[in-house]
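Asks: generate a structure from the sequence data that follows.
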Amino acid sequence: MSMTSLPIVTMLRDRMQWHQTRQKFLAENVSNADMPGFRPKDLAPFQPVVSASSRATAGGMVPVALTDPMHLTGTLSQGGDAKPARRVETRPSGNAVNLEEEMLKVAENQSEYQLATSLYQKSLAMLRIAAGVKGA
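Replies: Alright, predicted model coming up:
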């Protein structure tokens, strides 16, 4: 098994590819901001794949281990991560691109891509150190 086929490394690589694809969509939205009738596009949120056993046990949620009877079990909050619906303003030309919103998405996407890249590099370096490979 190579180091790049480990689940964490694969997930980070998939995340970086998702951000690259999203950046293409966002750049297209910005470049077509004055095109009559253009509708902005975006990718669905990135959902990392969790093992089949954890999906089956908790309805898609990874269960928390209760290691001491004195620990609180806790509950899941409903709608804690919900975002308000995006308001789409359509100009008389039929264009629905909001440049400010698109540029915020671009900046957020770039920041998250840099984080994934950094984690990917650090994970590979840590694996090289653990394997005793020179040049880490």
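
Asks: low-confidence regions, this structure specifically.
Replies: Applying pLDDT under 70 to the chain picks out residues 1, 49-66, 72-88, 135-136.

Asks: helices along that one, start to end?
Replies: For the chain, the helices defined by DSSP state H occupy 7-31, 52-58, 99-131.

Asks: redo the ones you listed as a markdown table? Include distance to Glu89 and mean neighbour count.
Replies: Heads up, the C-betas are built off the backbone N, CA and C, glycines and all. Shown next, in a markdown table, are the helices of the chain (distance: least, CB to CB, whole Å; neighbours: other CB atoms under 10 Å):
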| stretch | distance to Glu89 | mean neighbour count |
| --- | --- | --- |
| helix 7-31 | 14 | 16 |
| helix 52-58 | 39 | 11 |
| helix 99-131 | 10 | 14 |
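
Asks: nearest residue to the middle of this structure?
Replies: Phe46 (4.2 Å; CA atoms, centre = their mean).

Asks: list the residues that contact it.
Replies: Asp14, Arg15, Trp18, His19 (CB atoms under 8 Å, 6 or more residues apart in numbering).

Asks: apply 7 Å and report the result again.
Replies: Arg15, Trp18 (CB atoms under 7 Å, 6 or more residues apart in numbering).

Asks: against Val106, how distant is it?
Replies: According to CB to CB, to the nearest Å, Phe46 stands 16 Å off from Val106.

Asks: all set, thanks.
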